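Asks: Provided below are the primary sequence and the corresponding predicted coordinates.
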Amino acid sequence: MSRGSMSLRKRLMLRFALVLFLLMGAFSALFYTLSKQNLRHKVLAELREAALEAEGHLLGNEKVVRHGTILLHLPPHTEAALIRNSRIAARTPGYRPEICRPLEGSGEEFLLLGGERLDACYWERFERPFRGAVVLQKRKIPNDTLEMMEIFAAVLIPLTLILLAMAWRLIGRILEPIHLLTDSIRQVRVDNFSRTIPAPDRDDEIQALTDAYNAMILRLREGVETLERFNSDLAHELRTPLTVM
């Protein structure tokens, strides 16, 4: 092996690591997407249920609205607003209209945004008894996706290192017969054809290579023995006339 070249074991390890990182990356992306969708569906279902309940109270009971303030028992960190003719007719004290403003003219009903803490907004539109909507707004939602990704990364990193270590050891065991073959070839001389390699138990390419090498050694040994017998017989034939003379 020339100076600066990479061994077969390192090349195989590099390719295995590349494939492993690609698979881990794809799995991480899939896990993140599914976790994000699950969180979105969870928050949407919660706000939709609360919005339908609030709509029933707001449209059927005037006592829940007093001086433009909605008096409803809502889930924690949840605010509400009653939209009438595209204007806020009533709202809870903590309602922030700028969070839900992107939904006003878009026709969409749900919005989820933020980083470590998320803000969500849901519009439940209706046409009777007037054209309007009940808007629910939930703030400071824990981003379970990021938390799960942190746990996933904490498990994935040591798992990747363990897999790389196991792959390094496995590749070494696979290449061990090749190293034995290399050492045996280096020791082959005209006067030494005695070293063969024990065949591995598995019926694979390594065993075929080992069998081919051992068969070559046996043929060379037979050839050398035949040549030695020929030389011995020739020397004996040459000595016989000289002895008679």
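Replies: Nice, I can see it. Note that the structure is predicted; figures quoted are calculated from it, not measured.
Asks: What's the first helix or strand after the strand or helix carrying Glu53?
Replies: Element membership of Glu53, judged by DSSP states H and E, is helix 8-60. Sequence order places strand 65-66 as the next helix or strand after helix 8-60, per DSSP H and E.
Asks: same question for the helix or strand following that following strand, mean pLDDT?
Replies: Downstream of strand 65-66, the first helix or strand assigned by DSSP H and E is strand 69-70. Here strand 69-70 scores 85 as its mean pLDDT.
Asks: just how off-centre is strand 69-70 within its chain?
Replies: Offset of strand 69-70 from its chain centre (Cα atoms, centre = their mean, to the nearest Å): 49 Å.
Asks: what's the following helix or strand after it?
Replies: Following strand 69-70 toward the C-terminus (DSSP H and E): strand 78-84.
Asks: so who does Trp123 touch?
Replies: Listed by Cβ atoms under 8 Å, 6 or more residues apart in numbering, the contact partners of Trp123 are Ala51, Ile83, Cys100, Leu103, Glu108, Glu109, Phe110, Ala133, Val134, Val135. All C-beta spots, glycine's among them, are computed from the backbone N, C-alpha and C.
Asks: Could you list the low-confidence segments of this protein?
Replies: Counting by pLDDT under 70, the ranges of the chain that qualify are 1-5, 61-62, 188-195, 200, 236, 239-245.
Asks: okay, now the domains of this structure?
Replies: 37-143, 151-244 (automatic domain parsing).
Asks: Can you tell me which of those domains is nearest to Ala17?
Replies: Closest of the domains of the chain to Ala17 is domain 151-244, at 6.2 Å (criterion: Cβ to Cβ).
Asks: and the angle from the helix or strand Glu176 falls within to helix 8-60?
Replies: Using DSSP H and E, Glu176 maps to helix 144-187. Angle, helix 144-187 to helix 8-60, by axes from the mean of the first three to the mean of the last three Cα atoms, to 10 degrees: 170 degrees.
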